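Peer 1: I would like the atomic coordinates for the input below:
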Amino acid sequence: MIHAQFDPSARQALADAAVEAKIRKDLTWQQIADAAGLSVAFVTAAVLGQHPLPAASAGAVAEMLGLDAEAALLLQTIPTRGSIPGGIPTDPTIYRFHEMLQVYGTTLKALVHEQFGDGIISAINFKLDVRKVADPEGGERAVITLDGKYLPTKPF
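Peer 2: Numbering: from 1, shown residues only. The predicted model follows:
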């Protein structure tokens, strides 16, 4: 049976325990995702309390992290999503994403609507990829791909 959480505190406590276990066992998010059989972005978000995992994936993640059966069950619940509590984020990495949307949000909206029409880009039917690439000018660049299904507005 599918269950949903309405108080994010249980998933937050589980996320804290999972991250502590990940550190203690010196694991990468990719290793955890490989055990779950899903993408690294999805599994990371799930372990951090933003998605439910299928039963087999939840069991594999719990086993890898040394978490109990209750944790595996909790990993399967639909969470109350939203990892940034009210206001402007203070973590520098998260703030930069906020800043990017402040600067480019209206541009993205204008370009999406011009190319697709009135609608949204789904964060449910969605894929995320983060890659590190060499910068031709020296150093490294982050390539972040947000790949969401376009859902047109339907008049009723």
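
Peer 1: contacts, neighbours, all on C-alpha from now
Peer 2: Will do.

Peer 1: any weak-confidence spans in this structure?
Peer 2: Within the chain, not a single segment meets pLDDT under 70.

Peer 1: from the centroid of it, which residue is nearest?
Peer 2: Ala45 (3.3 Å; Cα atoms, centre = their mean).

Peer 1: the closest residue in space to that residue that isn't next to it in sequence and Ala123, how far apart?
Peer 2: Distance criterion Cα to Cα, 6 or more residues apart in numbering; nearest residue to Ala45, sequence neighbours excluded, is His51 at 6.2 Å. According to Cα to Cα, to the nearest Å, His51 stands 11 Å off from Ala123.

Peer 1: what are the ranges of the helices in this protein?
Peer 2: Listed in chain order, the helices of the chain (DSSP state H) span 9-24, 29-36, 40-47, 55-65, 69-74, 92-116.

Peer 1: so which of these comes closest to Pro136?
Peer 2: Nearest of the helices of the chain to Pro136, taken as Cα to Cα: helix 92-116 at 22.3 Å.

Peer 1: may I see the buried residues of that closest one?
Peer 2: His98, Val112 (16 or more other Cα atoms under 10 Å).

Peer 1: now that helix, how far from the chain's geometric center?
Peer 2: Computed by Cα atoms, centre = their mean, to the nearest Å, the separation of helix 92-116 from the middle of its chain amounts to 18 Å.

Peer 1: check stretch 58-70 too.
Peer 2: Counting by Cα atoms, centre = their mean, stretch 58-70 comes out at 19 Å from the chain centroid.

Peer 1: by contact count, what packs against the lengthiest strand in the chain?
Peer 2: As assigned by DSSP state E, the longest strand anywhere in the chain is strand 119-134. Here strand 119-134 touches helix 40-47, strand 140-152, going by 3 or more Cα pairs under 8 Å, 6 or more residues apart in numbering; DSSP states H and E.

Peer 1: which strands border it, and is each parallel or antiparallel?
Peer 2: Next to strand 119-134 in the sheet, as set by DSSP bridges, lie strand 140-152 (antiparallel).

Peer 1: export the partner strand to PDB, keeping only CA atoms.
Peer 2: Output of strand 140-152 as PDB, limited to C-alpha atoms (Å, rounded to 0.1, in the frame of the first residue of the first chain):
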ATOM      1  CA  GLU A 140      36.200  23.300 -14.300                       C
ATOM      2  CA  ARG A 141      32.600  24.000 -15.200                       C
ATOM      3  CA  ALA A 142      29.400  22.500 -13.900                       C
ATOM      4  CA  VAL A 143      26.900  21.300 -16.600                       C
ATOM      5  CA  ILE A 144      23.500  20.900 -15.100                       C
ATOM      6  CA  THR A 145      20.700  19.400 -17.200                       C
ATOM      7  CA  LEU A 146      17.100  19.900 -16.100                       C
ATOM      8  CA  ASP A 147      15.000  17.600 -18.400                       C
ATOM      9  CA  GLY A 148      11.200  17.900 -17.700                       C
ATOM     10  CA  LYS A 149       8.200  16.900 -19.700                       C
ATOM     11  CA  TYR A 150       6.300  19.900 -21.100                       C
ATOM     12  CA  LEU A 151       2.700  19.900 -19.900                       C
ATOM     13  CA  PRO A 152       0.400  22.300 -21.900                       C
END
